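1. Here is a sequence with its predicted model. Questions after.
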Amino acid sequence: MSFITVNNLWKEYGDQVVLENLNLSVKQGEFCTLVGASGCGKSTFLKMLLGQEAQTRGDLLLDGTAFPAEPDRNRGIVFQRYSVFPHLTVRQNVLMGLELEQKPLLGKLFGSARKEALARVDAMLESVGLSPSANKWPHELSGGMQQRLAIAQSLIMRPRVLLLDEPFGALDPGIRSDMHKLLLKLWQETGTTIFMVTHDLKEGFYLGTRLLVFDKTRHDPHSPNAYGATITYDLPIGQTDRTVLEHIDHSVSKTARYQAA
Amino acid sequence: MRLINRHPGRVSAILLGLLPFLLIMLIYSLASQQRLADNPNDKLLPGLEQMTAAVDRMAFQEDRRSGNYLMWEDTAASLKRLGMGVGIAASLALVVGLLNGILPLVRANLAPLVSALSMVPPLAILPILFIVFGLGELSKVMLIVIGTAPVMMRDVAQRVRELPGEQLIKIQTLGANSWQVITRMALPQTLPRLIDSVRLSLGPAWLFLIAAEAIASTEGLGYRIFLVRRYLAMDVILPYVIWITILAIVIDQILRFANRKLFPWYNAGGH
């Protein structure tokens, strides 16, 4: 049985159809990249996986049961910004999840339990390369380091699914490629199932195991919201060539122009 | 160079800032001298001499009737009322504001009431407070609470709602329950904002304090000012007003300093 199953999934806001007839089956440990023009529902799909939005019709199943309707500790998230807590240091930020899990009332760990948790935190910081900044405040970190922190904060909970919403969109190109390497390394180490939304087609084309292109197949110039997007390409990464990339690029750009008009 | 692009240097900025104060003092002392030259017993614009004599009498000599140092007694009484009033108001604002900000069910239930309460002119219900709580300390403290708490509640709730939605989602994905969301995310980030809110509320708090003291009291800075008004004792009123202003500035700066020391992440642009 597949890990995540999507069956005839629709999402509508009033008259506006965002996603139509989505079908997908994802195995555990896959790294899916979601690309498409803006407004094509890839972030909406991510929000549904997260439990922040509910589908209008259809099924969204994790291990055969419906996704919980609110965010929980099995699904980690990294947003483009504001994913870390400004009032906690780097170390405290990563420690937070462990404290919340073990102390439902106090939300704080003390003594040997804290020491044990901190050992795990420090190992996690080491693997994302933040050890030298362990006692800094988030505002003292660069954008790339803040994203490393956000990823570490999520991964220490060992979530079953890690969701990334344009995590590197605000970073410089050089930093971005460092982050790609880090993400691939962490994914191989943890075996977590990852969904990553990105604007950058090329990023989506070589990062991960599977590329999902969200696009509209039908356009009605008089009523741009009448048709929703769906998954137009579902490609295993590494078996695609330049022509396919150009084709997808062309199609997505066309949709983007329709959206803009 | 355009006027909007001309910036004063450090020294000239200080001098420019001092200038209006010096001008007011100059104009006052000229007018005061003029009146005292016409009539040495003039009470309306007392000179520096009369005012220092009055301060000496009020602050550094025992009162003949009560044996107390009146100005310190007044200061202690007023600060106690102000501290209690603002303290209670801030605590209420923290609790109600936090819950209103983070729990939609509480917000639906309480926010309209808080909005309505904040529109009631506090001085209009002062008579009710006197009737209900009597003329003692409680009614004066309650006036400050009623006058400042609702606005602070709204302010705190607004600040909580301004926390990025991403954070709220993130902490849920770390497994937080509602209580933990409040205690580990919303509360610590609200405290520095509450102090900011208290600083803004100190102005109204002083207003309500002086008003309550003027109407029913036996000591306090506001009481004294209104008492000596009967004798046109400007030599006491003016130093008292300046003293109140100094107290207000000192309290404000202490809060600002405390905010910086206690919440370094907040003031370094970390929010």
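-> Perfect, thanks for sending it.

2. residue ranges of the helices in chain A, please?
-> A:42-50, A:90-102, A:111-127, A:143-155, A:173-190, A:201-206, A:242-260 (DSSP state H).

3. With chain B as the reference, name the closest of these.
-> Among the helices of chain A, helix A:90-102 comes nearest to chain B, with 3.7 Å by Cβ to the nearest Cβ. From N, CA and C alone the C-beta is placed, and that goes for glycine too.

4. in the stretch 151-261 of chain A, what spans have low per-residue confidence?
-> Applying pLDDT under 70 to the stretch 151-261 of chain A picks out residues A:238-242, A:244-245, A:259-261.

5. Of all residues in it, which one is closest to chain B?
-> Residue of the stretch 151-261 of chain A nearest chain B, by Cβ to the nearest Cβ: A:Met157 (6.0 Å).

6. can you list the domains in chain B?
-> Domains of chain B are assigned by automatic domain parsing as B:1-39, B:70-267.

7. Which of the ones you listed sits closest to chain A?
-> domain B:70-267 (3.4 Å).

8. Just checking the closest one against chain A, any contact.
-> Yes - interface with chain A: domain B:70-267 contributes B:164, B:166-167, B:169-177, B:179-180, B:183-185, B:188-189, B:263-266 (Cβ under 8 Å from any Cβ of the partner chain).

9. Please enumerate the helices of the stretch 101-250 of chain B.
-> Ranges of helices in the stretch 101-250 of chain B, per DSSP state H, counting those that start in this stretch, are B:104-119, B:126-133, B:137-162, B:165-173, B:178-180, B:187-215, B:221-228, B:234-262.

10. helices or strands up against the second one?
-> Contact here means 3 or more Cβ pairs under 8 Å, 6 or more residues apart in numbering or on different chains; DSSP states H and E; on that basis helix B:126-133 packs against helix B:137-162, helix B:187-215.

11. cool, and the third one?
-> Helices and strands in packing contact with helix B:137-162 are listed as helix B:70-102, helix B:104-119, helix B:126-133, helix B:187-215; criterion 3+ Cβ pairs under 8 Å, 6+ apart.

12. May I see the buried residues of it?
-> B:139-157, B:159-160 (16 or more other Cβ atoms under 10 Å in any protein chain shown).

13. among the helices of the stretch 101-250 of chain B, which is nearest B:Leu15?
-> Nearest to B:Leu15, of all the helices of the stretch 101-250 of chain B, is helix B:234-262, at 20.2 Å by Cβ to Cβ.

14. After the closest one, which helix or strand is next?
-> Going down the chain from helix B:234-262, the next helix or strand is helix B:264-267, by DSSP states H and E.

15. Give me the contact list for that next one.
-> If you take Cβ atoms under 8 Å, 6 or more residues apart in numbering or on different chains as the criterion, helix B:264-267 is touched by A:Pro86, A:His87, A:Trp137, A:Pro138, A:His139, B:Pro192, B:Arg193, B:Asn259, B:Arg260, B:His271.

16. what about 10 Å?
-> Helix B:264-267 is contacted from outside by A:85-89, A:137-140, B:188-189, B:191-193, B:195-196, B:256, B:259-261, B:270-271, using Cβ atoms under 10 Å, 6 or more residues apart in numbering or on different chains.

17. Quick one: mean pLDDT over it.
-> Helix B:264-267 shows an average pLDDT of 88 in the prediction.

18. Format the CA atom coordinates belonging to that helix as CSV.
-> As requested, the backbone C-alpha atoms of helix B:264-267 are provided in CSV (Å, rounded to 0.1, in the frame of the first residue of the first chain):
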residue,chain,number,x,y,z
PRO,B,264,17.3,41.6,24.1
TRP,B,265,15.9,39.8,21.1
TYR,B,266,12.9,42.2,21.0
ASN,B,267,14.8,45.4,20.8
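
19. Can you list the buried residues in it?
-> Residues of helix B:264-267 classed as buried by neighbour count (16+ other Cβ under 10 Å): B:Trp265, B:Tyr266.

20. can you check stretch B:39-47 too?
-> Buried residues in stretch B:39-47, defined by neighbour count with 16+ other Cβ under 10 Å: B:Asp42, B:Leu45, B:Pro46, B:Gly47.

21. ok, so of these, who is nearest chain A?
-> Chain A lies nearest to B:Pro46 out of the buried residues of stretch B:39-47, by Cβ to the nearest Cβ, at 51.6 Å.

22. Double-check that closest one against B:Leu238; I have them as touching.
-> Yes - contact status for B:Pro46 versus B:Leu238: in contact at 7.0 Å, counting by Cβ atoms under 10 Å.

23. what sits in contact with each of the two?
-> Counting by Cβ under 10 Å, 6+ apart, the contacts common to B:Pro46 and B:Leu238 are B:Ala54.

24. Only C-alpha atoms, please: export stretch A:44-55 in CSV.
-> Extracted C-alpha coordinates of stretch A:44-55, given in CSV (Å, rounded to 0.1, in the frame of the first residue of the first chain):
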residue,chain,number,x,y,z
THR,A,44,-2.6,24.9,-1.5
PHE,A,45,-1.8,21.2,-1.9
LEU,A,46,1.0,21.6,0.6
LYS,A,47,-1.4,23.2,3.1
MET,A,48,-3.8,20.3,2.7
LEU,A,49,-0.9,17.9,3.4
LEU,A,50,-0.2,20.0,6.5
GLY,A,51,-3.7,20.1,7.7
GLN,A,52,-4.0,23.9,7.4
GLU,A,53,-6.6,23.6,4.6
ALA,A,54,-9.3,21.0,4.0
GLN,A,55,-10.1,19.6,0.5
